[in-house]
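Enquirer: give the three-dimensional model of this entry:
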Amino acid sequence: MTDPAWIDTVAESDADDELGKLYERVRDPVSGTLDHIMMVHSSHPAGLRAHFDMYTAVMRATAGLRGAEREMIALVVSQLNACHY
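Expert: Purely as a prediction, here's the structure:
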């Protein structure tokens, strides 16, 4: 087994104004946490913004599916792809 890849991230305390505002935007509204999958984009704020906008479009824009159904589909697809996230 190989070691997992490591991506340096910018801590919340070290975030500049632009990144700090993005961190607040992408923070989980229920738990208040900042998901690591979002922080991996911290060295490229435009990538973080694009990731979040795409996630929002995919997970919230389909009126015919409830949020729980979209999450279940994402889980199944991740399992099929052997994705541990």
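
Enquirer: give me the nearest residue to the residue nearest the centre of the chain, chain neighbours excluded.
Expert: The structure's the chain has its C-alpha centroid closest to M38; by CA atoms, centre = their mean the separation is 3.9 Å. Nearest residue to M38, sequence neighbours excluded (CB to CB, 6 or more residues apart in numbering): V26, at 4.6 Å. Every C-beta, even on glycine, is put in place using the N, C-alpha and C of the backbone.

Enquirer: list the contacts for the one you found?
Expert: Counting by CB atoms under 8 Å, 6 or more residues apart in numbering, V26 makes contact with 34-35, 38, 48, 52.

Enquirer: thinking again about what came up before, how is the residue nearest to the centre of the chain assigned, secondary-structure-wise?
Expert: In three-state terms, and counting by DSSP: H, G, I helix; E, B strand; the rest coil, M38 is helix.

Enquirer: out of the contacts of V26, which end up buried?
Expert: 34, 38, 48 (16 or more other CB atoms under 10 Å).

Enquirer: would a markdown table of those with pLDDT be doable?
Expert: Converted to a markdown table, the buried ones among the contacts of V26 look like this (pLDDT from 0 to 100):
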| residue | pLDDT |
| --- | --- |
| L34 | 92 |
| M38 | 88 |
| L48 | 93 |
